[in-house]
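Colleague: Take a look and give me a structure for this.
(chains A and B)
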There are 2 protein chains.
Amino acid sequence: MLCTSLQDVEKKGKSTRMINIKRLASSDSDFDTQLAKLTAWEGVSDAEVNQRVHDIVHSVRANGDQALIEFTNRFDRLNLTDSSQLEVSKEELKAALDGLPEKERVALQTAADRVRSYHEKQLQTSWDYTETDGTVLGQKVTPMDKVGLYVPGGKASYPSSVLMNAMPAKVAGVQELIMVVPTPDDEINPLVLAAAEVAGVDRVFRLGGAQAVAALAYGTESVPKVDKIVGPGNIYVATAKRMVFGTVGIDMIAGPSEILVVCDGQTDPDWIAMDLFSQAEHDEDAQSILIATSEEYLSQVQASIEKLLPTMERQEIIRTSLVERGAFVLVTDLDDACDVVNKIAPEHLELSVEDPEALLPKIRHAGAIFMGRYTAEALGDYCAGPNHVLPTSGTARFSSPLGVYDFQKKSSIIHFSADGASEMGKVASVLARGESLTAHARSAEYRIKD
Amino acid sequence: MLCTSLQDVEKKGKSTRMINIKRLASSDSDFDTQLAKLTAWEGVSDAEVNQRVHDIVHSVRANGDQALIEFTNRFDRLNLTDSSQLEVSKEELKAALDGLPEKERVALQTAADRVRSYHEKQLQTSWDYTETDGTVLGQKVTPMDKVGLYVPGGKASYPSSVLMNAMPAKVAGVQELIMVVPTPDDEINPLVLAAAEVAGVDRVFRLGGAQAVAALAYGTESVPKVDKIVGPGNIYVATAKRMVFGTVGIDMIAGPSEILVVCDGQTDPDWIAMDLFSQAEHDEDAQSILIATSEEYLSQVQASIEKLLPTMERQEIIRTSLVERGAFVLVTDLDDACDVVNKIAPEHLELSVEDPEALLPKIRHAGAIFMGRYTAEALGDYCAGPNHVLPTSGTARFSSPLGVYDFQKKSSIIHFSADGASEMGKVASVLARGESLTAHARSAEYRIKD
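Modeller: Here you go, the predicted model:
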């Protein structure tokens, strides 16, 4: 019996344990604990990284271009001798775009047009209103002057990210958009330069790492000081951004990318498997989770995964990601699924169900919601229109997709009439004296009529 | 001659050097450098503070309520024995409000009503639109679930800050607003509790410092984990907020408060002097700057300052602030004044001029703009309606007043029709293959019709 049993397990293991994806059920008594453990992520910079970044930032701040040239030559194996070599010329950007195959150039332009069109709807405008006593209150909206865009080099150098980060800033009306991208061994993806040209990036510098962030935050002889820095990067870039936060604005510090698919069991399991792959192929830390209402459907998707994985170019990355961080979650019904969604607050949520509209009111936290069986997340990554820079690791509980609003800021407008100032002066006086701030009180009291 | 000269200087010093405020002129060749030096501020936490905060945060995270009781007993000199003592009851809040003198209660209520009314205009709503092929794109706006509000104890415990931080969250629709306030030696300003009651704060805990921030960020047996933490605090609080940023959202880390007054020389110099005092009385690091178009007017305000300062309760704080960080800036005209304003990007800007509307289009960066001679900043601090939590230290270049938008977040909505998915699948496929992300490409290609 024992032998047979072990053989059974081994046999079963060959088919199902090839890609051993964790299985959870919302009815498990310790489900919340399991879920928290599954989705936990802390991108902590260790003391050594902090110290190295600190040194780089201070060196760039103190020595400007000279430090930039030294770090860039060292880390990117270049031989720059003059700071004029730091900048990529406008002509190089144009040449990169002109040099693309027709099909790619058109696709890039189509994506850019759709992204621009969606983001134009996010533009906030100034408003004011007048009270009965003539007092005017309002909110003035203005774009930032200068913004810096970090674009990673090497394998994570995505032209779509250039579009997604640059276009909201341009739509907001940012005057000068300055991109930095490292060119290790003097190599750069021409699609990245072409995307910069399509998106209307104003200047591009061949800089990366903490030194690029420092240059944008403090300015050097060549690199303008910006007001905000956005864009993804490795741990050095993220640490540098956190360090300069306050001197400049920064976007969220992103964790690994994740997808959460909710399926009613009626979508072709191959489609769902491929949707899970499309997240998992980003990197080993990426997270793909499927929620479904039946064990049987989960097993169908498992079978699709096993069938399709050997055909994938990035199968080793996908396999590691699915086994280490992926999961299948069994829920009792679609309402239950929405509860799990809100606990996870996913970056990408696919509602691959018959009536996604019915679920939408129950979804409180998600970066982007992909509705229905046709809306593959990959469409949103490139050309649907909405931004693909989204809050990761549960931060959708308190943050939003990158948008035009990230490049606009507000000033309150207060214009008291003489009557209004007199009436409100009395209220302010009482409250200020309650706080023992008598200069506040007396400043208000000067405006009270006799 | 030498003796006479020295005597002259000494004599002159007695009248004008009593309150020796720096004088700059925009025509100075090194004006930009002087201005940068004047307004420079870096609230850097030193390594020791970082380490202490790190230890406190980790202790609260590991030991929950027990750590909270220990730190609170130690730092606030209390004798709590049970975690139930950490919370201030609803009855105590009600009693604090009922116990206020009529005048204060009415003033607080009036201020709250005006703040609510203004902030209701900031509410963002969801939107969507349908493309010709039936594809729906949109943006869903939702409030955060839980928000934490830090309120300082002791001398910086301001009821107006409770209103200004709490009300935008409540207007946004935040379900649970949790306030923490330290009660050193078991003392608390009843106005602070009354303001919490007026603003609709849901729960209040007698906690302060880094331990309060840690409790809100990670949750303990008694204190709920929140999604975002707002509110001012000392260097320990600010350091803790920066440390937990990412686990929860935080508001801007505020520097000292500042006012910049632009005057055409026609406002009563006593009014302007008192407006400058109202900022300077906050603390020695506060910054008050006056920009005017004539030397003569600057001297009139100087005379008013010397006349009025001896009558002020907080004259030592005001004097130190004005001498150490204050300045008078002479400009050539009001256009020139606007240029200086944009370089400073002040927290509070008073346009104490005949026609402030004419200047408004030229102002690109300011937290709040107080228009005309009647609009004292103090009115905005308490009861005008707009928020008094504003970006300091030049951060108005990239950030905004605290608002309802800080407690709402967005989810992108994408719902492709079958036709839309087929067309866009082709674009996504080209771009994904350009990035060597073939799972992305194949996921999109599944949705392309034959």
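
Colleague: ok, then the element right after the worst-scoring helix or strand of chain A on mean pLDDT?
Modeller: Lowest mean confidence among the helices and strands of chain A (mean pLDDT, DSSP states H and E): helix A:2-16, at a mean of 43. Remark: after helix A:2-16, the chain's next helix or strand is strand A:22-25, criterion DSSP states H and E.

Colleague: quick check: mean pLDDT across that next one?
Modeller: Taken as a whole, strand A:22-25 carries a mean pLDDT of 97.

Colleague: quick check, distance from that strand to the centre of its chain.
Modeller: Computed by C-alpha atoms, centre = their mean, to the nearest Å, the separation of strand A:22-25 from the middle of its chain amounts to 28 Å.

Colleague: Flag every buried residue along that strand.
Modeller: Applying a neighbour-count criterion of 16 or more other C-beta atoms under 10 Å in any protein chain shown, one finds A:22, A:24 buried in strand A:22-25. The way it works is simple: take the backbone N, C-alpha and C, and place the C-beta from them, glycine included.

Colleague: then it to PDB, C-alphas only?
Modeller: Listed in PDB are the C-alpha atoms of strand A:22-25, where the atom choice follows Å, rounded to 0.1, in the frame of the first residue of the first chain:
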ATOM      1  CA  LYS A  22       0.100  27.500  -4.600                       C
ATOM      2  CA  ARG A  23      -3.500  26.800  -4.000                       C
ATOM      3  CA  LEU A  24      -5.500  28.800  -1.500                       C
ATOM      4  CA  ALA A  25      -9.200  28.800  -0.700                       C
END
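
Colleague: And the very next helix or strand once past that strand, what does it pack against?
Modeller: For strand A:22-25, the following helix or strand on the C-terminal side (DSSP H and E) is helix A:31-39. In terms of contacts (3 or more C-beta pairs under 8 Å, 6 or more residues apart in numbering or on different chains; DSSP states H and E), helix A:31-39 is packed against strand A:22-25, helix A:334-344.

Colleague: Go ahead and name everything in contact with the helix or strand just after the longest one.
Modeller: Remark: after helix A:334-344, the chain's next helix or strand is strand A:348-352, criterion DSSP H and E. By C-beta atoms under 8 Å, 6 or more residues apart in numbering or on different chains, the list of residues contacting strand A:348-352 from outside reads A:257-264, A:267, A:271-272, A:275, A:279, A:341, A:359-360, A:363, A:366-373, A:375-377, A:380, A:390.

Colleague: most packed of the helices and strands packed on helix A:31-39?
Modeller: Scoring those by mean neighbour count under mean count of other C-beta atoms under 10 Å in any protein chain shown gives helix A:334-344 as the most buried, with a mean of 19.

Colleague: just the angle between that helix and strand A:348-352, please?
Modeller: Between helix A:334-344 and strand A:348-352, the angle formed by their directions is 170 degrees, by axes from the mean of the first three to the mean of the last three C-alpha atoms, to 10 degrees.

Colleague: Need the contact partners of helix A:334-344.
Modeller: Defining contact as C-beta under 8 Å, 6+ apart, one finds that helix A:334-344 is touched by A:26, A:32, A:35, A:39, A:260, A:262, A:264, A:289, A:291, A:293, A:329, A:331, A:349, A:353, A:358-359, A:362-366, A:394.

Colleague: Quick one: buried ones out of these?
Modeller: Among the contacts of helix A:334-344, those classed as buried by neighbour count (16+ other C-beta under 10 Å) are A:26, A:35, A:39, A:260, A:262, A:264, A:289, A:291, A:293, A:329, A:331, A:349, A:353, A:359, A:363-366, A:394.
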